[in-house]
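A.B. asks: need a 3D model of the sequence below.
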Amino acid sequence: MLSASNVHASDLAAVLARAWKADSAWIDDWDDRNPARGQCGSTALVVQDLCGGSLMTGIVLDRSFARHVHYWNVLGGDPVDLTWHQFPGPARIVRSERVERGLLLRGAWFTDRYELLRARVRVLMMA
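C.D. replies: Below you'll find the model as predicted:
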């Protein structure tokens, strides 16, 4: 497991942007023109690995009124969302709640995606 020593979420933003790929996205139609899209679940788990805190889930309503399941972190009482910019234009959270990481890691399909992202982040942080 990655170590949480002296890592801040703000330091992870650039590393994660380089680590996001189709194989770590929650969606099958990932596009590198919007690299954060579909990365929220795996990213929130990696941020928790490195920074601690809580995981949150919610429903995001975007400008086309489409609803999206979304995940982010709460660190020291403050929300930290390193993938929010995946949503176009005005978007808002219409429902949210704390979630345990086991809920995200129930299936091998998603666990594999999270582990790929975690491994890439580890390599990039060591470089």
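
A.B. asks: can we go C-alpha only for contacts and neighbour counts from here?
C.D. replies: Fine.

A.B. asks: who touches the longest helix along the chain?
C.D. replies: Longest helix in the chain by number of residues (criterion: DSSP state H): helix 108-126. Here helix 108-126 makes contact (C-alpha atoms under 8 Å, 6 or more residues apart in numbering) with 2, 15-16, 19-20, 23-26, 41-43, 45-46, 104-105.

A.B. asks: for stretch 39-59, measure first residue to last.
C.D. replies: Terminal residues of stretch 39-59 lie 15 Å apart, using C-alpha to C-alpha, to the nearest Å.

A.B. asks: any idea how far it is from the chain center?
C.D. replies: Its chain's C-alpha centre and that of stretch 39-59 lie 5 Å apart, by C-alpha atoms, centre = their mean, to the nearest Å.

A.B. asks: how about stretch 26-38?
C.D. replies: Stretch 26-38 sits 12 Å away from the centroid of its parent chain (C-alpha atoms, centre = their mean).

A.B. asks: buried residues in it?
C.D. replies: Neighbour-count burial for stretch 26-38 flags 26, 30, 35-38 (criterion: 16 or more other C-alpha atoms under 10 Å).

A.B. asks: ok, now stretch 56-68?
C.D. replies: 56-62, 67.

A.B. asks: show me the helices in this structure, by range?
C.D. replies: Secondary structure of the chain (DSSP H): helices at 9-19, 40-51, 101-104, 108-126.

A.B. asks: winner for burial among these?
C.D. replies: Scoring those by mean neighbour count under mean count of other C-alpha atoms under 10 Å gives helix 40-51 as the most buried, with a mean of 24.

A.B. asks: pLDDT averaged over that one - what is it?
C.D. replies: Across helix 40-51, the average pLDDT comes to 96.

A.B. asks: tell me which strands and helices it is in contact with?
C.D. replies: With contacts defined as 3 or more C-alpha pairs under 8 Å, 6 or more residues apart in numbering; DSSP states H and E, helix 40-51 has these neighbours: helix 9-19, strand 54-61, strand 67-75, helix 108-126.

A.B. asks: out of these, the one nearest Ala91 is which?
C.D. replies: With C-alpha to C-alpha as the measure, strand 54-61 is the member of the helices and strands packed on helix 40-51 nearest Ala91 (5.6 Å).
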